[in-house]
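Trainee: When you get a sec, could you give me coordinates for this:
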Amino acid sequence: MENSYKINENLYYIGASDRRIHIFEAIQPLNYGMAYNSYLMVNDKTCLFNTVDHSVSDQFFENLEHCLNGKPLDYFVIQHMEPDHANCIKEIILRYPNVNIILNAQILNMVKNFFRDLDTTKLNLTIVKDLDKIQIGDKELLFVFAPMVHWPEVMMVYETTTKTLFSADAFGSYNALNGKIFFDEYNYEKEFLDEARRYYTNIVGKYGNPVQQLFNKVKGVEFDLICPLHGPVIRNKNDMAYLINKYDIWSSYTPEEKGVLIVYGSIYGNTAKAVNKFAHMLADAGVKNIKIYDSSMNDVSYLLSDAFKYSHLVIFSSSYNAGVFPKIEEFLLALKAHNFQNRKIAFVENGSWAPTAFNSTKALIESLTDCQLYDKKVTITSSLSDANLAQFEDIINFIKTDFIKEDLANLKPLFNIPYGLYICFAKDEKEKKLNGCVCNTLSLVSENPNIYSIALNKSNYTTKLLQESKKISVSILHKQATQDLIKLFGYNSGKDMNKFENFTDYSLNSLNLPYLNKNYSNSFVCGEIINSVEVNDHIVFYFKVVEEKVLSYDETLTYSYYQKNIKPKFKSTGKRVGWRCKICGYLYKGEVLPDDFICPWCKHSKEDFEKVYY
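Mentor: This is a model prediction of the structure:
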């Protein structure tokens, strides 16, 4: 029985999941199986993207036959030759001998090596080069080579008319799919993120530089759909931005979280006791984000994944065979093999008669790129001593300087108040011009009748229009609202541009004012302004509701969610001094920020800027 999924009018998911597999690539354990993704494009021509592992080949061929619905298979794109995606190549050729196979020269060589009884001279082959384009019916395929992400022959395919990226192994994850194929149908952070990180670090982690080069290669390209070879399909812009940001962090070897990973190897339990005491002291010192692993009880793939996640690493190891504990050695070799870098590391050894763990690993740890090793030798002799506790305090001082929180006296209660993000719309009645701006101050102040308040900066063009027209419309954003939307309505002034010139994702309400469609907003409210109050640099408008409507079930976007998940993260790229607005991200280029400087985007003052290097 077929079990395919319709992604859109011309694209089908024809992959399948294997829940019996318990180890991947004969090395990484799997707890929840694995999805092997394949896609079929159907219009006036048909095109298959990759095959699957033998374990799910029966389901794959049932899906393929069903979605072809009697049509011939015209094209077959091979992006990557790992057997979990290429095992069925020969069977495809046997079933569809006239199919046009699209591949690159390296892939062809690998086809010959994997299938030595296959006479490739008799095949209908199209060999592409980097950035070649091929027209398939009314669809255009752009081939983007992605060497060492994570094999040398890998290429991504971009369908230009639907802006669909077939991303090969990039953006994949361990885990089978559970009746749903889309990213937004899962609680991704809970159900997939840890396994996506473990997949990346163990499979691709060594090749951070090629991943970064690929990002530069496709910079500025817009995606509406990302179809990876493992894990869920990504169709929402914010989900794409979220996952791309994770890949950017992982591939640049930047800590994902500020925290301490402790990995230990203990033979009879005394080293484990020392770890628990150290973690207790570390927590008492104010460092609360701590993860502890017993290297004997956890596969190294999990240790490696969390080493990429956290900013600091502390290793405790018993001495063994005049060296280091074998499981700790395995972990350290995995760090080296996967190009681990940019961390602070401390090492504590234990030995009853000849402590050797530290000296046997010091050179390896020091060879890790841009890692700072705590340079004092800390030795436990069989069991923890008072002298060791003093040494632990010194290690904690080495760590906790990176965890010092800003003095409470310097913090603003404002940022502890939860509030949403909205777009406020008004109309220039004279010029017949629509305008809108981002705000975060909508509040219900009265019921029966419903009266809302909203505060806008005096200098905003929208503020002027509201004062003149006495009519207002406010769209309540949901979590799928994009940074591009925020930039359009929040980082530009309607005095200088028509924000609606190329923006069409809105409708008009009963006041003939815009409200965003459900792609960005879950509801809107509009009304007539009944009063306004001037408060320093803002004007508070009070309006009586004329119309309100809920558009979707999507969760409302809060300012804190925007800051954490949607707003681009600033990455230092040079040595020039600048000042970045912590509210909207505006960069002022110059060593000295004037005292009276006001951010041109969000209108915040100098106190909300931080010194950066660009």
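Trainee: So which residues of the stretch 151-300 of the chain form helices?
Mentor: 188-191, 193-199, 208-217, 237-251, 270-284, 300-309 (DSSP state H, counting those that start in this stretch).
Trainee: Low-confidence bits of the stretch 251-400 of the chain, can you list those?
Mentor: Counting by pLDDT under 70, not a single residue of the stretch 251-400 of the chain qualifies.
Trainee: picking that back up, between the helices of the stretch 151-300 of the chain, which one is closest to residue 88.
Mentor: helix 193-199 (21.9 Å; Cβ to Cβ). Just so you know, the C-beta spots here come from the backbone N, C-alpha and C atoms, and that holds for glycine as well.
Trainee: Against which helices or strands is the closest one packed?
Mentor: Applying 3 or more Cβ pairs under 8 Å, 6 or more residues apart in numbering; DSSP states H and E, we find helix 193-199 packed against helix 237-251, helix 300-309.
Trainee: What is the longest one packed up against?
Mentor: This means helix 237-251. Under the contact definition 3+ Cβ pairs under 8 Å, 6+ apart, helix 237-251 sits against helix 193-199, helix 208-217.
Trainee: Would you reformat those helices as JSON lines and include mean neighbour count, mean pLDDT and distance to residue 73?
Mentor: Supplementary listing: the helices and strands packed on helix 237-251 in JSON lines, determined by neighbours: other Cβ atoms under 10 Å; pLDDT from 0 to 100; distance: least, Cβ to Cβ, whole Å:
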{"stretch": "helix 193-199", "mean neighbour count": "22", "mean pLDDT": "97", "distance to residue 73": "30"}
{"stretch": "helix 208-217", "mean neighbour count": "16", "mean pLDDT": "90", "distance to residue 73": "29"}
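Trainee: who's sitting farthest from the centroid in this structure?
Mentor: residue 353 (48.0 Å; Cα atoms, centre = their mean).
Trainee: Spell out which helix or strand contains it, please.
Mentor: Counting by DSSP states H and E, no helix or strand carries residue 353.
Trainee: circling back to that earlier point, just tell me which of the helices and strands packed on helix 193-199 ends up closest to residue 471.
Mentor: Closest to residue 471 of the helices and strands packed on helix 193-199 is helix 237-251 (Cβ to Cβ; 30.4 Å).
Trainee: Burial check on residue 576, number of neighbours?
Mentor: 11 (other Cβ atoms under 10 Å).
Trainee: Any chance of the backbone angles for the residue farthest from the centre of the chain?
Mentor: Residue 353 adopts backbone torsions of phi -140, psi -20, taken as degrees, to the nearest 10.
Trainee: any idea how far residue 322 is from it?
Mentor: Applying Cβ to Cβ, to the nearest Å, the value for residue 353 to residue 322 is 11 Å.
Trainee: Give the closest residue to residue 230 in space, chain neighbours not counted.
Mentor: If the residues on either side of it in the chain are set aside, residue 230 comes closest to residue 172, at 3.4 Å by Cβ to Cβ, 6 or more residues apart in numbering.
Trainee: ok, how many other residues are close to the residue lying closest to residue 129 once chain neighbours are set aside?
Mentor: Nearest residue to residue 129, sequence neighbours excluded (Cβ to Cβ, 6+ apart): residue 104, at 7.1 Å. Using other Cβ under 10 Å, residue 104 has 21 other residues around it.
Trainee: and what of residue 127?
Mentor: 13.
Trainee: Backbone dihedrals for the residue nearest to it when sequence neighbours are not counted, both of them.
Mentor: Spatially, and ignoring its direct neighbours in sequence, residue 127 is nearest to residue 105 (5.7 Å; Cβ to Cβ, 6+ apart). The phi/psi pair for residue 105 (degrees, to the nearest 10) reads phi -60, psi -40.
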